[in-house]
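Enquirer: Sequence and predicted model, in that order:
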2 protein chains.
Amino acid sequence: MSASRQGVRAADAIARARQLVEPALRDAVDTLEDERIRRIAAYQMGWYDADGAPTPGGGKAIRPTLAILSAEAAGGRAADGVPAAVALELIHNFSLLHDDVVDNDVERRHRPTGWVVFGTGQAIMAGTAMLTLAVEVLVAAGPAGRRCLPALLTGVQRMIGGQSQDLELEGRSDVTLEEVLRMEAGKTAALLSCAASIGAIAAGAPDEIVAGLAAFGHHAGIAFQLVDDVLGVAGDPSVTGKSASSDVRAGKRSAPIVAAMSADTDAARQLAAMFADTPPTSDHDVASATALIHEAGGISWASDEADARFAQALEELGRLPLPNPGAAADLAALADYIVNRTR
Amino acid sequence: MSASRQGVRAADAIARARQLVEPALRDAVDTLEDERIRRIAAYQMGWYDADGAPTPGGGKAIRPTLAILSAEAAGGRAADGVPAAVALELIHNFSLLHDDVVDNDVERRHRPTGWVVFGTGQAIMAGTAMLTLAVEVLVAAGPAGRRCLPALLTGVQRMIGGQSQDLELEGRSDVTLEEVLRMEAGKTAALLSCAASIGAIAAGAPDEIVAGLAAFGHHAGIAFQLVDDVLGVAGDPSVTGKSASSDVRAGKRSAPIVAAMSADTDAARQLAAMFADTPPTSDHDVASATALIHEAGGISWASDEADARFAQALEELGRLPLPNPGAAADLAALADYIVNRTR
């Protein structure tokens, strides 16, 4: 199947999932008793602007779509995946709300971040309320929902652990590539792995299917993060919506940067020296550092690794005896979409 | 029974609960996969100092003790209340860890707060990990644990709502006493109400018992917060461990302060004028404001209201057909202890 037909297939799956999940997501947010918390959550979800006026939009709905397709691929109905899809989208948005506080980021999705609009304290509290709400949604969804709880909670703990590691790596100069990949497995892959398998859990699928879908989501998640890392160094600002080489400016220890610094070449040593104290700030230094990352092989390493992980994800998916091949093809298309979205 | 015999009874119940709950609490924290998160959680629990050396101590264990007594009073065994007790102590400590970030507080229990030692971002993430762990503990505790989930999650949402309101009130000059009491019902009473009833839920008690114990905990919780508010204005620094009139300095909208400002007297109007813009800062102004709060009746109102709420708590408890009168007496003693602890 051509890349564009894969893209159409993924977009169609996302549109179907959105239609199913968004009403349930809005109902869930409406149950938040505190009016202020409810307003911050609705803003974070992209449903309202800072003044409370309705807005179109919201996120890419990757995780809810994975959850719905996971239920279908395992032989369940799309509806079986809805509570888990709602829970995952709440978790994802709680993590964005907190991350923006932690990273001091002022803009997301072309709007001021939650803490900028509502204050740091309120953003922290609304985030924990959204995390709590995610659990409430599964608890309220009967035996199938409660069966999903351990997987969701494990995914949340791994995500938090990965974010904590990410923050710790920023301040260090002796970061290894192994550490970066372990951090990314937590920060990004854990929740995608959870999303890709939780629908199957809700649908009552056997352990082998659940584990296989989790492995598919894990590898796709690593590939997704590696592509994100590449874009953070070499992405086109007009496409990424961030400044050029944003990860270089922020002093991130992302995979291509650490891969480049770890090489045994002059470019690698020059780069490591530039990153030793504070990250480069002037446009000239940022451009030099970016060129050194390319030269030391950081970009090609991360791109190749992303391709290998994507292939591994498809291999995991391919060997599963899934009762619904159409939904399995949708999962493959979605993985293709998230990994190859902006390359 | 004399106050001191009540105190002995409460201290005995706390010591018994601690012995039962602390090993389970340590086991739970040990399951946190991420080493850094685990270390922050253990520091917050009071088990280690900033360098990782073991320390004696920890909090007052009010909530775990309530949960254990709740199980016993409803006719269950103390062990029935352990998972809920662990979950509540984790929730309480997550809320302290986040609160110290939100309020920018640098000291708690005579030690630097978590964010001072580990950084703001790490403290936020460790807090959400502790919240998640609390849910994991109940999920892992079989049907009795899972039966407790809705009550715990509702308690958490109300607590977060109350903390959010508390923060919002700080910046306002038109706060009503009704708003303050509603905020305190969330901030403090919701989790104590949950603690006082969740053991009964775990023990499989009938709804009437659960609701009655929740009402007992609710009123005791409001009384507890009102006493705390009185101490925040009129407490002895050598007893409270805070600076004199700490809530006056912080510009809090606590019950005695708002009660005083709402009175129709000259002292009330002078006080409102002093609080109109920024809170008083010099020792002289703080002393004047404190005297005006007394004069306008704020302290006596809050003390009387605390007494009334405490009496109401005991009344709720007294009319319940509890199968274990010894445990019910322990609950009354514990309420007496937390309400009258420092008066």
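Expert: It's in.
Enquirer: Could I get the buried residue list for the helix or strand of chain A with the lowest mean pLDDT?
Expert: Ranked by mean pLDDT, DSSP states H and E, the weakest helix or strand in chain A is helix A:237-240, scoring a mean of 74. The neighbour-count check on helix A:237-240 (16 or more other C-beta atoms under 10 Å in any protein chain shown) flags nothing as buried. C-betas here are computed from N, CA, C, even on glycine.
Enquirer: After it, heading C-terminal, what element do we hit next?
Expert: helix A:246-249 (DSSP states H and E).
Enquirer: near chain B, which residues of the stretch 1-150 of chain A?
Expert: By C-beta under 8 Å from any C-beta of the partner chain, the residues of the stretch 1-150 of chain A that approach chain B are A:32-34, A:36-37, A:94, A:98, A:101-103, A:119-122, A:124-129, A:131-133, A:135-136, A:139-140, A:146, A:149-150.
Enquirer: now the closest residue to residue A:307 other than its chain neighbours: how far from residue B:107?
Expert: Distances taken as C-beta to C-beta, 6 or more residues apart in numbering or on different chains place residue A:223 nearest to residue A:307, at 7.6 Å, with adjacent residues excluded. Note on residue A:223: its distance to residue B:107, by C-beta to C-beta, to the nearest Å, is 46 Å.
Enquirer: Which one of these two is surrounded by more residues?
Expert: A direct count of neighbours by other C-beta atoms under 10 Å in any protein chain shown for residue A:223 and residue B:107 places residue A:223 higher, at 26 against 12.
Enquirer: Enumerate every residue touching that one.
Expert: Contacts for residue A:223 (C-beta atoms under 8 Å, 6 or more residues apart in numbering or on different chains) come out as A:306-307, A:309-310, A:313, A:335, A:339.
Enquirer: Just give me the least confident of those residues.
Expert: For the contacts of residue A:223, the minimum pLDDT belongs to residue A:339; the value there is 88.
Enquirer: wait, what's in contact with the residue nearest to residue A:167 when sequence neighbours are not counted?
Expert: The spatial neighbour of residue A:167 that comes closest, neighbours along the chain excluded (C-beta to C-beta, 6+ apart), is residue B:121 at 4.9 Å. Residues near residue B:121 by C-beta under 8 Å, 6+ apart: A:101-103, A:164, A:167.
Enquirer: Next, residue B:121: secondary structure please.
Expert: Secondary structure, DSSP: H, G, I helix; E, B strand; the rest coil: residue B:121 is helix.
Enquirer: per-residue pLDDT, it?
Expert: For residue B:121, pLDDT reads 97.
Enquirer: do the same with residue A:298
Expert: 96.
Enquirer: Thought residue A:234 was touching it, still the case?
Expert: No - Residue A:298 lies out of contact with residue A:234 (C-beta atoms under 8 Å); the separation is 9.2 Å.
Enquirer: Between the two, which contacts overlap?
Expert: In contact with both residue A:298 and residue A:234: residue A:256, using C-beta under 8 Å, 6+ apart.
Enquirer: Same drill for those two, tell me which one is more crowded.
Expert: Neighbours per residue (other C-beta under 10 Å) separate residue A:298 from residue A:234, with residue A:298 holding more: 30 against 20.
Enquirer: Next up, the contacts around that one.
Expert: So residue A:298 contacts A:233, A:255-261, A:263 (C-beta under 8 Å, 6+ apart).
Enquirer: Can you tell me, leaving aside adjacent residues, what's nearest to it?
Expert: The spatially closest residue to residue A:298, leaving aside those adjacent along the chain, is residue A:260, at 2.9 Å (C-beta to C-beta, 6+ apart).
Enquirer: so how many other residues sit close to residue A:138?
Expert: 26.
Enquirer: now do the one 10 residues further on
Expert: By the measure other C-beta under 10 Å, the count of residues near residue A:148 is 25.
Enquirer: Quick check: it touching residue A:138?
Expert: Yes - the criterion here is C-beta under 8 Å, and residue A:148 meets it with residue A:138 at 5.4 Å.
Enquirer: out of the residues of the stretch 1-150 of chain A next to chain B, which are buried?
Expert: For the residues of the stretch 1-150 of chain A next to chain B, a burial check counting by 16+ other C-beta under 10 Å picks out A:32, A:34, A:36-37, A:94, A:98, A:101-103, A:119-122, A:124-129, A:131-133, A:135-136, A:139, A:146, A:149.
Enquirer: one step back: which SSE is the residue nearest to residue A:307 in?
Expert: Applying DSSP H and E as the criterion places residue A:223 in helix A:207-234.
Enquirer: Kindly report the same for residue A:13.
Expert: Taking DSSP H and E as the criterion, residue A:13 maps to helix A:3-30.
Enquirer: which residue sits farthest out from the middle of chain A?
Expert: Here chain A reaches farthest from its C-alpha mean at residue A:266, the gap being 34.2 Å by C-alpha atoms, centre = their mean.
Enquirer: For that residue, give me the backbone phi and psi.
Expert: Per-residue torsions, residue A:266: phi -60, psi -40 (degrees, to the nearest 10).
Enquirer: quick one, what contacts it?
Expert: For residue A:266, no contacting residues are found, by C-beta under 8 Å, 6+ apart.
Enquirer: Model confidence for it, exactly?
Expert: 95.
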